[in-house]
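In: model this:
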Amino acid sequence: MERSKKLLSNSLILLFGTILIKGLNFFMAPLFTRWVPIEDYGTFDLLITYSALLIPLLALGIHHAIFRFLLDNESKDEISAINTSAIITNIIGIIIYAIFVIILSIFFKSITNYIIQLTILILTQTFQNYIYMFVRGLKKIKLYTIMNIICTISILAFVFCFVKIFNMGLNGMIFGYSMGYFTAGLIGAIATHNFKYFSFKKFNKAKTKKMIAYAIPMIPNSIAWWIVNISDRVIVSTILGATANAILAVAHKIPNLCVALSDVFQTAWVENASEAIKDKDWNDYFSKMLNVISQFCISIAIIIVTTNFFLYDFLFTQDYASGRYLIPLFAFAIIFNVLSQTLGSVFVAEYNSKRQGITMLESGVINIIIHLLLIKFIGIYASAVSTIIAYIFLFTVRYKDSKKKYKIKIDKNTIILAIFLLVCIVFSYLNIQIINIILLIISIVFCIIMNKQIIKIIIKKIMKTS
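Out: Reported below is the predicted structural model:
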């Protein structure tokens, strides 16, 4: 019971931050698409995509190790040893990257401008990710939430300044996001006195080797995550152009609300699972949490699908109109993404980063192959189809792996919600206003009923704290 209370308490803190952040992001995305030309927005999204691929390679994925090792170590000496190893590894990675960039710039001068922009994004995000994982490893969930809020507000303020006031276009987007990342990271570093935990005297070769041994298998996982989640942007941009990529990027915005809200549970769940996995009643607890997270996520997906044709035209201009037909498909794919993450958290708890990476890499390869095979026939829709198939594969493999060790039971309510989601998706493509309204009303009532236990607990928790 104590575990559930701790998970809920952490989740509520994250939920508050997520609602605020995503509320701001809801306004940010439509504003940004209006402030910059569609091709610039597509190019910016592509640079973000490349940075997401390169960041894990920069420091051998050491940020994963920071988080996991700090969870089991609370003494100052251990924290210093872990932090020192992480910082030194990051610095070495940055130096190697700088040498690579200089050599590349000498031989390919035509791409120097984009390399500089990409490097700014990579360096600031690397700093932010490192501090984020340090804060999470120390179990400072409130600070982690505050940092996310600061990051979002900072990005909005800086992008407004650089793009809207100074009319810097693409460069303004790059600088705005980079300053937001850096600001959030700096706040976190100051709040945790991070650099006080750095000392060359505390550098431990054995600890560093152990951390790197854990982190290296996570690199294929990070690459595979990139392949499954955002490599589609590279394929679409290369074959269909920057405009098509901008449409695809915007189409991801609304379904990603589902991921963002489920991440509220996921962030707390990883820590919770790492502590509870050795308990005698782990099987029942694991099944319960898997169903709770599933039902919550599916409920959000249902709301997204039933409000899609109302929201999309309101939020985005006609330049992006075709993207609304992708949203129901991505919403369906995201369910399997969230379930796969929940199952993957057990690999983290078991220190089994290798298996987590392999399963993700397999699904990534499937995603690319299917996308490349279909894109010439169904265009941008190939991205959605390949993503659905890749996530279903990932969920199936991880579910089978987990079933071999643990007794997992899928609740009937989870299955009912999943079927209702499919019904909503089918009717959403008919785009009949009266049916859309009826489905929206039914879905809200249905989702409240299915999640009534969570809602009651949340209300009680809020009433106690107020």
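In: which residues of the stretch 101-250 of the chain fall in helices?
Out: 112-137, 141-159, 169-192, 205-215, 218-229, 231-240, 242-253 (DSSP state H, counting those that start in this stretch).
In: Throw those into CSV and include mean pLDDT and distance to Asp72, thanks.
Out: Where C-beta positions appear, they are placed from N, C-alpha and C, glycine not excepted. CSV is the format used below for the helices of the stretch 101-250 of the chain (pLDDT from 0 to 100; distance: least, Cβ to Cβ, whole Å):
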stretch, mean pLDDT, distance to Asp72
helix 112-137, 87, 9
helix 141-159, 88, 17
helix 169-192, 93, 18
helix 205-215, 83, 12
helix 218-229, 68, 17
helix 231-240, 85, 33
helix 242-253, 85, 35
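In: In TSV: those helices, plus distance to Val305 and mean neighbour count.
Out: Formatted as TSV, these follow (distance: least, Cβ to Cβ, whole Å; neighbours: other Cβ atoms under 10 Å):
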stretch	distance to Val305	mean neighbour count
helix 112-137	31	21
helix 141-159	25	20
helix 169-192	29	21
helix 205-215	38	16
helix 218-229	20	22
helix 231-240	20	20
helix 242-253	13	24
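In: wait, which of those is closest to Leu70?
Out: Closest approach to Leu70 among the helices of the stretch 101-250 of the chain is made by helix 112-137 (2.7 Å; Cβ to Cβ).
In: Next, format the helices of the stretch 101-250 of the chain as JSON lines and append distance to Phe44.
Out: Output for the helices of the stretch 101-250 of the chain, formatted as JSON lines (distance: least, Cβ to Cβ, whole Å):
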{"stretch": "helix 112-137", "distance to Phe44": "9"}
{"stretch": "helix 141-159", "distance to Phe44": "10"}
{"stretch": "helix 169-192", "distance to Phe44": "5"}
{"stretch": "helix 205-215", "distance to Phe44": "29"}
{"stretch": "helix 218-229", "distance to Phe44": "17"}
{"stretch": "helix 231-240", "distance to Phe44": "11"}
{"stretch": "helix 242-253", "distance to Phe44": "9"}
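In: Out of those, which gets nearest to Asp40?
Out: helix 169-192 (4.4 Å).
In: In this structure Pro30 contacts Asp313, no?
Out: No - using Cβ atoms under 8 Å as the test, Pro30 is too far from Asp313 to be in contact (10.9 Å).
In: of the helices of the stretch 101-250 of the chain, which approaches Arg398 most closely?
Out: Nearest of the helices of the stretch 101-250 of the chain to Arg398, taken as Cβ to Cβ: helix 218-229 at 12.0 Å.
In: and stretch 389-402, average pLDDT?
Out: Taken as a whole, stretch 389-402 has a mean pLDDT of 90.
In: got the contact list for it?
Out: 228, 286, 333-337, 339-340, 343-344, 346, 355, 359-360, 362-364, 366-367, 370, 408 (Cβ atoms under 8 Å, 6 or more residues apart in numbering).
In: go with 6 Å
Out: Contact with stretch 389-402 is made by 228, 333, 336-337, 339-340, 343, 359, 363, 366-367, 370, 408, as judged by Cβ atoms under 6 Å, 6 or more residues apart in numbering.
In: Can you say which of those are buried?
Out: The neighbour count (16 or more other Cβ atoms under 10 Å) marks Val228, Ala333, Phe336, Asn337, Leu339, Ser340, Leu343, Thr359, Ser363, Ile366, Asn367, Ile370 as buried among the contacts of stretch 389-402.
In: so which strand or helix has the fourth one?
Out: So the one you mean is Asn337. Counting by DSSP states H and E, the element that carries Asn337 is helix 327-349.
In: What helices and strands are in contact with that helix?
Out: helix 256-276, helix 282-315, helix 353-378, helix 381-405 (3 or more Cβ pairs under 6 Å, 6 or more residues apart in numbering; DSSP states H and E).
In: which strands and helices sit next to the third one?
Out: Yep, that's helix 353-378 we're talking about. Counting by 3+ Cβ pairs under 6 Å, 6+ apart, helix 353-378 packs on helix 218-229, helix 327-349, helix 381-405.
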